[in-house]
Structure formats: structure tokens, C-alpha cells
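S.K.: Test case, fold it:
(chains A, B and C)
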Amino acid sequence: MQPLLEARRLGVTFEVAAGLFRRALPLQALEDVSFAVDAGETLGIVGESGSGKSTLARAVLQLTKVTAGDVIWRGQSMGALDAARLRATRRELQPVFQDPRSSLDPRMTIGEGVAEPLSVTGATRDREDERVIRALERVGLSAALRHRYPHELSGGQCQRAAIARALVSNPALLVCDEPVSALDVSVQAQIINLLRTLRDQLGLAMLFVSHNLAVVRYVSSRIMVLYLGRVMETAPNSELYARPLHPYTRALLAAIPDPFKPRGDLRTAVTRADPPSAFNRPSGCEFRTRCPFAIGLCAEQRPPLEEVEQGRWVACHRWREVAGLPPVQNG
Amino acid sequence: MSDVAALALPEAPSRRGLWFDAWRRLGQRRTGIVCLVVLAALAALAIVGPFISPYDADTPDWRAVAVPPGLTDGHWFGTDRLGRDLFVRTLDGLRISLLIGLAATAISLLIGVTWGALAGFVGGRTDALMMRFVDILYSLPFLFFVIVLTVLFGRSPILLFVAIGAVGWLTMARIVRGQAMVLRRREFVEAAIAMGVSTPAIVWRHIVPNALGPVIIYATLTIPQLILYESFLSFLGLGVQEPLASLGSLVAQGAAEMESAPWMLLLPAGALVLMLVCFNFLGDALRDALDPQSHG
Amino acid sequence: MADALVIRGLEVRFTVPGGEVPAVSNVDLDIRPGECLGVVGESGSGKSQLFLAILGLLAANGRAAGSVRFGEIELLSCTTRELNEVRGSRIGMVLQDPMSSLTPHHRVGDQVAEVLKFHRGLDDAAAQARARQLFERVRIGDASRRLRQYPHELSGGMRQRVLLAIALACEPQILIADEPTSALDVTVQADIVDLLCEVHRESGTAVVLISHDLGVVADIAQRTIVLYAGRVVEDARTRELLSSPRHRYSAALVRSIPRLDDAVGSELATITGQPPDLVTAITGCAFAPRCTAATVECAHVVPAMSRDAHGRLFACHHPVNAQ
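M.R.: Below is the predicted model:
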């Protein structure tokens, strides 16, 4: 059973202008990232700003050029597709972006916006209206809203409309790039539940990118942690939280504010140090400058990403010690 | 608590689009409305006027040569050196100037918006090539260009259109290209790309409507500019030919008679200035009304 | 001797086509010297407008009424000049969007120095030196280099710190931080909240932290008020608010905080529906349409503030029973 979406040693390098007469500097946004997503499965991708998680989402959507490795959809390399086949493939891979207001065209009504993916496949006019209404109802918006404009709706409603737009062409996979980060916490919960319901009802696969580990766990079956463009750890949902194997994962978990517990120290110790610049990568393991477990070896040799247990990958020299620690008390 | 519950909303779907809001804001600005009314009146007069007056534009009235304006005998604006009624000729000139201005602006809009939107959206080499072409045209001395064309093809209204149109679209293209480059980065455009919408569809559906604000404003400012170009050409004798009159040629004729029969200059010139001022004020008011920052 | 901020009967109304929007209604609030207060509410609850009104920063179509006394001064009847003395100098505010709060074409060091020159009359050299000190205080590493950078060269967390430095430059008695952590990574959030705590502890500055996220506020606020549709619905010590909220909305908010020890695959508790549109007049309790315990009384009578045995304030006809 081949996976729906696969990334093989994906790399994205940007050229950043450095001045009039100097050569452009390469910025490695993603390096050597591999994963597979089966039909109906949700992969959560977690990392801070600069981790490359948004670049990853964009690379999968073919919005950003892939400079190394490959994105493979249903066994076929997306980079090798011609324009027509690529368009057909895009119908199956729909995006949900972070800012609900700017992901909808302010000059189009909600109905027109939601119907747009249908124009690619050439559905006829009245079927179109039917499908738009159905999509809106699926996301909990009344059909009357399709005559409104985005600025008349709240942030949460706009995001629902964006999700409706992503659903209208019956995709197989949703690529969600921080879909709830721009929303109030109470609305976040509604949208997360909506995504879960849709996933269960429609058998959708999902790529869920977020900087918030607390949110990702409600939607994902597996989670991948990125740091400076590389994979640090990949694990099934429950295990990542119960027994993280990478120090960075532990730091992220500790940083989640939990109002019911007193504030701890691990969070501040790690986060106090600034993340290194992507231009000036530390030698060996990139995380060592902020890692409480760093040893000499970490500066000399970059730890390879290895499958150390069934379904659990980690890139750390000292993962065994990390595994032995008590569970993270966050807060 | 199930999340997928229909959310209650007030019933009547209102079409309160951004254009409607802009229209409402325009209505709040007195200058804009006044200018719009004046322009509409001028246009109406230009169309209807010749039917009101007992005279026509070509027939000389030998009994009334170079007569000053007055309410007697129907020559309300007076007559020119050949006895032709100035009222009708002024209105004719107004009509022709307006027509040329509007038509030339429409053409430059069409070319300029398409050119700029495509260049800005596609970017890269195509953009560079397209805009270098614009730069080259920009550096052509307009007048020499027209003179050369006139020498090669003789004088004709079509030539006038081509000459004016060739120049008018350049700035429009630059403006729209700038807008397109910004819009290209907006998430709804990226979403459209990710959905597989074709480039022409994206440009037509997303880029152009969102760039229209500055385009409309610039268009209302282009109309008077092009009318002035045409008037200048006609003033120099390169534009509209006799017996047709444009405001520019009327001004040229009036300038020759300035000392003895000032009305021949002042009345057509006045009409020209009134029209240009109204367009410019209207453009200003439109800019305020369409300014996205003054929303809500 | 620091002054208390005493707010009584504050109303903020905006004139829009279609009527008036009462963004804030009938708010009574005390901010005591050196206190750390949390203000929680969704978008549209009035939490930002409340403090913008105090500092005279409302948009052109907004009007504030009521009384806001800061020591001896009645802020709502101050002239712009008098307000300028207070703003930035005795009350500092960090607004919501760091990118638009900083001038893009001035170096950040100059923006900090500007405040010092205006309020404290320092000359350029002294102002720059003090700016450097402030940068170090808000934990911006490599301060000398950062002073000379432009806002777009800094990360979100960095910009937030610069804004804090500006707000703290004149050692205000009250620091108001409006959503200082939204749009920031979780790790950076933690750091900023830490910083605010430190400021509060070390200099005795009263801190007001406005957020839609109860989790963020709970970390540092001793006392928290909850706003809904422009009214204060609960005012209590944070610990008690979290362990036993009285108002139904507060209770729902507390329940919807994601918990890491929830079972995997469980659903997030949500509050159905969305906050009311304030343009249409609301009768009775604004939360009633979304409240599971609402009765006919709730739909018709606005609940008054009551005080319980522990000194907590809440406005609810059918509050959750105290433990």
C-alpha cells in the first residue's frame, strides 16, 4: 500500500541577495527532510520560526521550488509532472493558510471564493452552487453567508470559509500551515474540532504545521519536530508527549504554558539563548548551542536521523539518556 | 458539544461590497459630487447642444462675422472670423476632446493594465523584458514621434489615437505592475496558485480587481492629460483638421485674434479649463474614497 | 508614592454607519500600585479599547465617558498636552502589533532614544547610553549592534522586546501590555512573559497583561478580570479563577484550555457559537445565547456585579457553585 504523499530527502535552499557586488548567500531553509503520509493519516509538523516548517508546507504545495530531493504524490514525482498533470494533482492537495482574512480575496464574495477550485475542473454552474452550499454547511457556516464579503465575517468564520474552499473539490490531503495561530484561543478550539470531524467524516489526510505542540496533539497521529530546517524527531502522537527522545522536544513541551502548574526552570534555561542564525550554522548538531545535554561529540559530529525504535526516529547522540528522564512537567 | 452547528446570522444577505462602500464615501465628498455633476452637464450639453442652437458648425454666417457674444440673434458665444457660430463649435470641440480623451484612456487602460499585471505577476525575465520595453518607449520624445508619424502617414484621427494611446499606457503599466508584485505575495493569490488556477485566470480574477483602486484614480487623471496632449497637438496644427474643431484648434484660432476678439480665445479655453479642473478634482476625491486605509 | 488607577463607569462608544457600537460598558476597575493584573477576553470583548480609552488613543469615531482617575488627575478630561505628560512617562503601553508600532525607517535605538529625549529631556548621547541599558534590561543580546538595526531586521520576539524597552524607558508606574505574545513562538512567549514578571518584581511597576489566552495571563497575573461583550463578568484572584470560576463564561474558558495530560484523541472543549455583534442592542446577559445554564431571566435582565464571601466579583444570575 503506497503512501499518499512522500518526501524524500527534501531540501530547499534560497539565494539571499547580499549586496550589489557580492554573490548571493545560500540560505538552507530545509535539508534532508523525509516523511510519508498514508491516506487518512495526519502528520503534525512542529517547530519555531525559522525551523522551515512553512517552507515545507509550501514545498509540498509546489509554491516554492524544491532544490534537492523530491515530493512524491501517489508514487509520482511532482517535480517531473507537466503543467496539465500538475494541475490535476493540485486538485487533490488543498491548502489552508494561517491568516484567514488574507487567504480570501477581499473583492470576492465568500461564495465566489469557495467556488474557485471548481473553476479548475470545469464544473457546470448550478452544480457549482450546490457544491458550495454543501461545503459551507460542512464547516458550520450558513449558506446565506456566501453572498457576504470576508470583511463582514469574523476571523473564525473566515477560516471556516477557507476550509470550505479547500474541501469543495474533494481533495485527498489538506496542507494546513498554522491554521489556528491567528485566531483567539476559544476559536482555535472550534477550528481544531472542525478539522478533526472533517478528517473522520471524509477520510482526509492532513499535514498540520504549527509552532504549538499543545494544539498539534489533538489532530495528529504522528508528529515531526523540525529545527533549523532539519528533522530532530519523529514519533507517534502519544509517545512524543509521554517520552520525548530529543532535548529540543523536551524544551518545546516545557515551554507550553499550563496555568495549573507553577512555572518551572527548564523552559527559561533553554529559551534564554537566541536561536542561531541560519547563515551561521553551528558545527555538528545545530541545537547544541541551546541544549542542556550537549557534549563535545555534538560539536564534532552531526547526529544522523535514525529509527531507534519502531516508528520512532531521532537525531541525537544522547537520546538514550533523554529517554530515561521523567516526563516533562510543563509550566 | 458538537462543533459543526449552523451559526445563526441575521437573515437578509447584504451586498455590502467594497465598491459600494467606496461609492458611499464618494457621495460624502462635496467636491467630487459637484465635479461629477458638472462633467455630466458638459457631456450632455456637448451631445444635445448643437440641436438647441439654430446654427451649425460649418456654415458661415456672412451677416455676423466676428460678432461678440450676446443673447440677440442666437449667437450666444459670438462668431469667429468666418462667421461660424462659436457656441456650436465650442460644443463640437468639447465633444471631440472628450471622445478622444475617453477613448484614448480606455485604450491605454486596456493595454497598460494587461501589460503591467502580466509583467508584475509573472516576474523574472519576462517582467524585465516587458518593463524595459516600457522604459524605451518612455524615453521617446513624444512630439518628434508624432511629427514623424504625421509625415509618414498624413494627418488623420486614427493617427491621433495611435500617437496618444502609445504614450498613455506606459505609466498605467508601471502602476499596475507595482500593484501586481505586491498582490502576488498575498495569501489568496498563493492559495489560487496552489489550487491549480491558471495564470491568466489569476491575473483576471484576483490581480486586476484588487489593483483597480489606483487604476481608476490614475485613469481619471489620465483623461485630462490626454485631452491636453490632443489639444496641444491640435494647437500646433498636427491634430484634428478643419472643418472639424477640437478645443485645441479653437484655442489656436482664438489666440490669433486675442486682441481684437478676445471671446474667441476665452470661451473655448474656459471650457477646456473647466473640464480639466473637474477631472482632476474628481480624481482627487476618488482617491480619498478608494483609499483602503480609510475603511471602517 | 505611586498612584492607583481608579476607573468608574467607563463607557466607550464608536459611531459607525448603522448606529453606535458600545465597545465597553459600565466598567469599574482599580489598578493598585505594584499590582499585576490580567485582562482576558476574546476579540471584540473591548479589552484593548478599554485601555486605549484611558490613554486617549481611541480612533476618531470613538468616545469615552465615565471617570478614570490616576492619582489626582482625571484622565478623560485631560488635554492632549496633559495626556502627553502621562503617556509614555507614567503609564507605558505596548500595543498589539509590533511591526506596525515601530517606524520602519528609523533604527530601533533611535526610537527608544526619542522617548527619552521627549520625556526626560536627555541629549542624544545620554539617551543612546540609556537605550543601551534598557536593551540589556530587556535581555536583547549584543545590544550595541542591535541598537543600530532597523525593525525589519529583527525577529518578532526581538521587536516585542524593543517595544518593552520603549515602554519602560521612563520608568512608568503602570505598564500595559496588549497581547504581547500573540504571533510569537511558544518558547519566545515564555521568555517574554518571564521578562514581564521580572520587570514587575524588580521595579514594582504595576503590570497589566491583556490577552485572549488565559494560559499566558495565568503565569504572571495575581488578579484577573474577564471581559465579555464590553463588560467585566468576573474579577478574582487568578488562582481562584482557575480553580473555581463563578461566571459561566469564565468556567467555559478555563475548560477549553488545552491540557497536555488530556488523553490523546480526546476532543477539545469549546464554547459553541461566537461573541455577539455589538451593533445590535443586547438585552439581558450578553453570554446567554451561548450559555448552557441560561434561563428566561438571563435573556432579559443584565446581571449586576455581586461579591461573594471570598471577595470575588462576578456578574451572573446562575453562577457556578463555589467549591
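
S.K.: Convert the C-alpha atoms of stretch C:78-94 to CSV, please.
M.R.: Once non-C-alpha atoms are left out, stretch C:78-94 reads as follows in CSV (Å, rounded to 0.1, in the frame of the first residue of the first chain):
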residue,chain,number,x,y,z
CYS,C,78,-7.1,66.0,30.1
THR,C,79,-5.9,68.0,27.1
THR,C,80,-3.6,66.4,24.6
ARG,C,81,-0.7,68.2,26.2
GLU,C,82,-1.5,66.9,29.7
LEU,C,83,-2.1,63.4,28.3
ASN,C,84,1.4,63.5,26.7
GLU,C,85,2.9,64.0,30.1
VAL,C,86,1.2,60.9,31.3
ARG,C,87,1.6,58.7,28.2
GLY,C,88,4.9,57.0,27.9
SER,C,89,6.1,58.6,31.0
ARG,C,90,3.9,57.5,33.9
ILE,C,91,1.8,54.9,32.0
GLY,C,92,3.6,52.9,29.3
MET,C,93,1.7,50.8,26.8
VAL,C,94,2.9,48.1,24.4
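
S.K.: residues in contact with that stretch?
M.R.: Applying CB atoms under 8 Å, 6 or more residues apart in numbering or on different chains, the contact partners of stretch C:78-94 are C:5, C:51, C:54-57, C:70, C:73, C:75, C:101, C:115, C:118-119, C:160, C:163-164, C:166-170, C:172-178, C:180. To be clear about C-beta, it is placed using only N, CA and C from the backbone, and glycine gets the same treatment.

S.K.: 6 Å - rerun?
M.R.: Stretch C:78-94 is contacted from outside by C:55-56, C:115, C:119, C:163-164, C:167, C:170, C:172-177, C:180, using CB atoms under 6 Å, 6 or more residues apart in numbering or on different chains.

S.K.: ok, so of those residues, who is nearest B:Pro69?
M.R.: Using CB to CB, C:Gly56 comes nearest to B:Pro69 of the contacts of stretch C:78-94, at 59.5 Å.

S.K.: Pull the number of nearby residues for the residue lying closest to that closest one once chain neighbours are set aside.
M.R.: Distances taken as CB to CB, 6 or more residues apart in numbering or on different chains put C:Leu83 closest to C:Gly56, at 4.7 Å, once the chain neighbours are dropped. Counted with other CB atoms under 10 Å in any protein chain shown, the neighbours of C:Leu83 add up to 18.

S.K.: ok so, going back, among the contacts of stretch C:78-94, which are located in strands?
M.R.: In strands, defined here by DSSP state E, the members of the contacts of stretch C:78-94 are C:Ile174, C:Leu175, C:Ile176, C:Ala177.

S.K.: So which of these is the closest to chain A?
M.R.: Nearest to chain A, judged by CB to the nearest CB, of the ones in strands among the contacts of stretch C:78-94 is C:Ala177 at 15.2 Å.

S.K.: State the pLDDT value of the closest one.
M.R.: pLDDT recorded at C:Ala177 is 92.

S.K.: phi, psi of the residue lying closest to it once chain neighbours are set aside?
M.R.: Closest residue to C:Ala177 apart from its sequence neighbours, by CB to CB, 6+ apart: C:Val94 at 4.6 Å. Backbone torsions of C:Val94, given as degrees, to the nearest 10, read phi -110, psi 110.

S.K.: could I get the ones in strands among the contacts of stretch C:78-94 as JSON lines with neighbour count and distance to C:Ile220?
M.R.: JSON lines is the format used below for these (neighbours: other CB atoms under 10 Å in any protein chain shown; distance: CB to CB, whole Å):
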{"residue": "C:Ile174", "neighbour count": "25", "distance to C:Ile220": "15"}
{"residue": "C:Leu175", "neighbour count": "23", "distance to C:Ile220": "12"}
{"residue": "C:Ile176", "neighbour count": "27", "distance to C:Ile220": "14"}
{"residue": "C:Ala177", "neighbour count": "28", "distance to C:Ile220": "10"}
